[in-house]
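A.B. asks: missing the sequence, but the structure's below:
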């Protein structure tokens, strides 16, 4: 009987050597970082869910915002294994409690936080060359090796499109249309306006080590062609507990002239089937301008139309084996017929 650890090793090793396409779903979730690998050619995948966010801002006299975010990302691998088209959207509906005036004002705000269309391309894949698997030693396959520090690297580029003329959340700032009561009141300063289109680039790396650990980094430059470009990074560490459950921790930093934040998240994912994953996350920020608490539930679902490449040698080998099998069947049938004839000849 194959041991549990050996089964887990085979699953992780299969993921590593195939690099792009995997027998099981390859999701960017849980967390907000992008993995280095594409979903694989002829794969269509949806990653969607609901999140709750609560903000409180000291700079706006402790004004608060609480709302729900619906998020969805569609991923399609096309042309070849290393290329992926990504379409991501986030929509926020919530209640703003403004305390910048003498009387608190409560209003409903809704709008898009993101409408991103991008292409991901795998620049470097250290797992492209298959590694030998030692079927007799778990330690040999899972011990730390220096080559495990060499990550896969990908680049994602594309525009974010703002369909709304008066976005209530310019540059993802839920307090974007409020002003500090002392310095900005009655100055006639126009509200921040996000341009119709700006560009985003993400350099992602992904390392697999010690058999059950994955480390992902994202370095991003966002909102290029706008008045408020933003730089940031995300660091995500994931640990596989068994073939079904995994946990993760994540740190994200974003910084611009108008807004900066430091977030921490943790959560888990459950592999319901080869094509379905469910996940949950809790998190928060370390600042008070604003402070932020968040939670989300999500699902990733894959439609697998992938067909493995079959070389001419493999086709020829299968054809020869088929002919050999057919020939053996014919010889066996002829031999059986010949024996019947011999028996009848002896009887006569």
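C.D. replies: Alright, I've got the coordinates. None of these values were measured; they are calculated from a predicted model. Residues are numbered from 1 along each chain as shown.

A.B. asks: for stretch 46-60, what is the average pLDDT?
C.D. replies: For stretch 46-60, mean pLDDT rounds to 93.

A.B. asks: for that stretch, buried residues please.
C.D. replies: 47, 49, 51, 53-57, 59-60 (16 or more other Cβ atoms under 10 Å). Glycine gets a C-beta too; all of them are placed from N, C-alpha and C.

A.B. asks: which residue packs closest to residue 25, ignoring adjacent ones?
C.D. replies: Excluding the flanking residues, the one nearest residue 25 by Cβ to Cβ, 6 or more residues apart in numbering is residue 302, at 4.6 Å.

A.B. asks: wait, the one you found touches residue 275, no?
C.D. replies: Yes - between residue 302 and residue 275 a contact is recorded at 4.3 Å, counting by Cβ atoms under 8 Å.

A.B. asks: tell me which element residue 65 falls in.
C.D. replies: Per DSSP states H and E, residue 65 falls inside strand 63-77.

A.B. asks: show me where the stretch 51-200 of the chain has its helices.
C.D. replies: Assigned by DSSP state H, counting those that start in this stretch, the helices in the stretch 51-200 of the chain fall at 138-142.

A.B. asks: for the strand holding residue 65, buried residues please.
C.D. replies: By neighbour count on 16+ other Cβ under 10 Å, the buried set for strand 63-77 is 63-65, 67, 69, 71, 73, 75-77.

A.B. asks: just for this protein, where's the confidence low?
C.D. replies: Residue ranges of the chain with pLDDT under 70: 1-20, 129-146, 179-191, 308-319, 344-348.

A.B. asks: so for the lengthiest strand in it, what gets flagged as buried?
C.D. replies: In the chain, assigned by DSSP state E, the strand with the most residues is strand 105-124. For strand 105-124, a neighbour-count test (16+ other Cβ under 10 Å) marks 109, 111-116, 118, 120, 122 as buried.

A.B. asks: could I get the residues you listed as JSON lines with distance to residue 206?
C.D. replies: JSON lines is the format used below for those (distance: Cβ to Cβ, whole Å):
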{"residue": "109", "distance to residue 206": "36"}
{"residue": "111", "distance to residue 206": "33"}
{"residue": "112", "distance to residue 206": "29"}
{"residue": "113", "distance to residue 206": "25"}
{"residue": "114", "distance to residue 206": "22"}
{"residue": "115", "distance to residue 206": "26"}
{"residue": "116", "distance to residue 206": "20"}
{"residue": "118", "distance to residue 206": "17"}
{"residue": "120", "distance to residue 206": "12"}
{"residue": "122", "distance to residue 206": "10"}
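
A.B. asks: looking at those, which is nearest residue 96?
C.D. replies: Closest approach between the buried residues of strand 105-124 and residue 96, by Cβ to Cβ: residue 109, at 5.2 Å.

A.B. asks: distance of the closest one relative to residue 174?
C.D. replies: Shown here: residue 109 relative to residue 174, a distance of 7 Å by Cβ to Cβ, to the nearest Å.

A.B. asks: likewise for residue 39?
C.D. replies: Distance from residue 39 to residue 174, by Cβ to Cβ: 32 Å.

A.B. asks: domain-wise, how is the chain divided?
C.D. replies: The chain resolves into domains spanning 4-304, 314-348 when parsed by automatic domain parsing.

A.B. asks: tell me the most buried of those domains?
C.D. replies: Ranked by mean neighbour count, those are led by domain 4-304 with a mean of 17 (mean count of other Cβ atoms under 10 Å).

A.B. asks: return the distance of it from the chain's centre.
C.D. replies: Domain 4-304 sits 7 Å away from the centroid of its parent chain (Cα atoms, centre = their mean, to the nearest Å).

A.B. asks: hang on, residue 285 packs against residue 265?
C.D. replies: No - the criterion here is Cβ under 8 Å, and residue 285 misses it with residue 265 at 10.3 Å.

A.B. asks: so residue 334 is in which element?
C.D. replies: Going by DSSP H and E, residue 334 is in helix 312-347.

A.B. asks: please disregard the earlier target; I meant residue 295.
C.D. replies: For residue 295, the element it lies in under DSSP H and E is strand 291-304.

A.B. asks: that strand pairs with which strands, parallel or anti?
C.D. replies: Strand 291-304 has its sheet partners listed here by DSSP bridges as strand 43-57 (antiparallel), strand 276-285 (antiparallel).

A.B. asks: to residue 325, which of the ones you listed lies closest?
C.D. replies: Shortest distance between residue 325 and the strands paired with strand 291-304, using Cβ to Cβ, is found for strand 43-57: 33.4 Å.
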